[in-house]
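# Sequence first, predicted model second:
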Amino acid sequence: MCGIAGLIHRGKSSNVGHELQGMLQALKHRGEDSTGYALYGDTDGKNFIMRFKVGENVGEGSTSVAEDVSVYDERKKIVDTYLTEMGAKIIKEERILPYSLRYEIQYDKKDLLEFSQKIESIPGVEILSMGKSLEVIKDLGNAKMVCDRYNLDKLVGTHAIGHARMATESGVDIKSAHPFWGYPFSDVSVVHNGQLTNYWNNRRSLENKGMRFMSECDSELIAVYLAEKMRDGASLEEGMKESLTGLDGVFTYFVATKDSLGMAKDTMAAKPLVLYESDDLVAMGSEEIAIRSILPQEIDTYDPFDGEVKVWQI
Amino acid sequence: MANIKTVTKKTKAQAMGMHKEVLTGRTQQKFFNPDEAENFYYFGTYDVDFNKRTDLDVENMTAAEANKEIDNLMSQGYGTIVIKNPQGKHSIGVGILNKLNLIFEGSLGYFGIGSCDGPIVRINGRVGWSCAENLMAGKVVIEKNAGSCFGAAIRGGDLICKGSVGARTGIDMKGGTIIIGGDAGAFTGFMMQRGRIIILGDVGINLGDSMYDGTIFVGGEIGSYGSDAVDAELTKSDQDWLKRKLKVAEIGENFDVSKMKKIVAGKKLWNYDNLEPTEKKGAI
């Protein structure tokens, strides 16, 4: 059992960091092994924001092996060297935690595949997100703990999705936490509640086509599956509709791009989702109390039906 | 029949000191000594006065605190309780075993009105998953939409949603009536064993999948039939019953019931008996 939440403001920005924190904290009883945020902030759109990790959080019930912190510095140095070699210029650098970094970089090439492969060839390094608006922040603990640790409360943007995880299929670590970046597409992220039963078959097939997996979490498959569909020319919505038959199991998932937010529900409707939709705001979550954390007044909500796919634009 | 409390002959197990419990409770007394009805005590029930009314604001309460306070108010004789600010909280209004007018001014989360036997409930909002699960008797009216597993395993009473409902409505239901004003999702009536479901709108795939017994009436389109679900003839008495029921339910009073589809179980399970255990005793 995990909890997912998402919201999109249409025609305006809002304090989405604070809002999503409230929604995910309301769902913390569905799992607090880890919590993740995919926030689409207001930026000038010129530079890429790269969130990456050079190690794991080894506290708070983590299943990761502890490393000497000095290796984090070594890995960071290699990342910096590779960025220079690829012609990327670091405009701003923040080291929020010893293992977690945020770079604002100037990089002119559009294809991020080669870029990502080069950076992630460094053992222990994983790009959590790459985009001109998207920032994926995920760590162990509940929504408030992660929000406080990364100072997300003040982040202003248009939309966001998030995940409160109860670890079942894979370990308690950052690499298995949601959201997953839609590698190698900039500004694409996914969160999922459910279980995919054809994970290994799909994974083998996608790896043979050159797609990359960083964890053994079944939910990562959705991000990779959609990325592969988009790589082959499908729109986001087309890819999502294909996923209803391509993915087997029970699932409700959200996917976000720099200007849209979508949801898909499996054909058995086995996983919950409550949806609120108005002209200027769409908010959804595994339970109504998530929506109530930002809309305490009486509102009309509904459960999308089985096999339903919806996409909203900002 | 002998009153079980007066049975003196011990079973072999009791004689060996393996257990000492004496069976009590309404169901057992009803079986064995209906003449002693005045001695019935149904644990957790209260005599309430419908004209005695109060409000209860649960905004800053947990579900357990809210339920305890409802119980406390009933013990003071309040027969009409208006719940303010439920805010989508889970598991509120559960385990009410006596008559009561319970009104929610707002929406409920999961498992609202679970395991109830007798109250009349009106929810002026929406409900989440598994509303009124295991309802035995009473009437529950939801003014807006409902989530999945609506009316799971109910045995009696009327459960009415004026909006649309999610998947698996009436799953495993063993009696009672569920009425939906809007649409219903996939697997409606999944494994239903008794009772009736009325859907005025459309219904999703696998309607009545693996149903043992019971009847489903659909006013709109059907996504697909589940295994064992088949069409049946809509009789005049069906139509009369539907009209009466929709009127009492304050929903679809002018709906043309003559065009509704009737779905029943197409296969008689060899070891399935549609009588409840209590009814079997009566028949014997």
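Happy to help now that I have it. Residues are numbered from 1 along each chain as shown, chains lettered A, B, ... in the order given.
# burial count for A:Glu104?
For A:Glu104, the neighbour count with other C-beta atoms under 10 Å in any protein chain shown is 16. For every residue, glycine as well, the C-beta is placed using N, CA and C.
# And the helices in the chain, which stretches?
Using chain A. A:16-26, A:70-85, A:113-120, A:143-150, A:199-208, A:220-231, A:236-246, A:288-292 (DSSP state H).
# ah, I was thinking of chain B
Here chain B has its helices, by DSSP H, at B:12-15, B:26-32, B:63-75, B:236-248, B:277-283.
# Lowest average pLDDT across those helices?
Lowest mean pLDDT within the helices of chain B: helix B:26-32, at a mean of 46.
# Who are the contact partners of A:Ala66?
Contact analysis of A:Ala66 by C-beta atoms under 8 Å, 6 or more residues apart in numbering or on different chains lists A:Val58.
# Surely A:Gly131 is in contact with A:Ile49, unless I've mixed up the numbering?
Yes - the pair A:Gly131 / A:Ile49 is scored as a contact, 6.3 Å apart, by C-beta atoms under 8 Å.
# and those two? which has more neighbours close in?
A:Gly131 (26 against 22).
# What distance do you get for the nearest residue to the more buried one once chain neighbours are set aside to A:Leu140?
Leaving aside its sequence neighbours, A:Gly131 sits nearest to A:Asp187 (C-beta to C-beta, 6 or more residues apart in numbering or on different chains; 3.5 Å). Distance, A:Asp187 to A:Leu140, using C-beta to C-beta, to the nearest Å: 25 Å.
# These two: which is more packed in?
The neighbour comparison of A:Asp187 against A:Leu140 (other C-beta under 10 Å) goes to A:Leu140, with 26 against 22.
# got the contact list for A:Tyr72?
A:54-55, A:98-99.
# Could I have the buried ones of those as ChimeraX selection syntax?
The buried subset of the contacts of A:Tyr72, as determined by 16 or more other C-beta atoms under 10 Å in any protein chain shown, is captured in ChimeraX by this line:
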select /A:54,55,99
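# which of the contacts of A:Tyr72 sit farthest apart?
Greatest spatial distance among the contacts of A:Tyr72 (C-beta to C-beta): A:Val54 and A:Pro98, at 8.2 Å.
# Where does the prediction get shaky in chain B?
Where chain B drops to pLDDT under 70, the residues are B:1-41, B:270-284.
# Output the set of residues of it in proximity to chain A.
Chain B comes close to chain A at residues B:87-90, B:106-107, B:109-110, B:125-126, B:128-129, B:144-148, B:163-168, B:183, B:185-187, B:204-205, as judged by C-beta under 8 Å from any C-beta of the partner chain.
# Name the nearest residue to A:Gln106, sequence neighbours excluded.
Distances taken as C-beta to C-beta, 6+ apart put A:Lys89 closest to A:Gln106, at 4.3 Å, once the chain neighbours are dropped.
# Run a quick neighbour tally on that neighbour.
By other C-beta under 10 Å, 12 other residues sit near A:Lys89.
# tell me the contacts of it?
Each residue near A:Lys89 by C-beta under 8 Å, 6+ apart is listed here: A:83, A:105-107.
# And the buried ones among the residues you listed, selectable in PyMOL?
Here is the PyMOL command that selects the buried residues among the contacts of A:Lys89 (16+ other C-beta under 10 Å):
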select buried, chain A and resi 83+105+107
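# got the contacts of A:Lys89 as JSON lines, with pLDDT columns?
Putting the contacts of A:Lys89 into JSON lines (pLDDT from 0 to 100) gives the following:
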{"residue": "A:Leu83", "pLDDT": "96"}
{"residue": "A:Ile105", "pLDDT": "96"}
{"residue": "A:Gln106", "pLDDT": "96"}
{"residue": "A:Tyr107", "pLDDT": "94"}
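# Sweet, I'm off.
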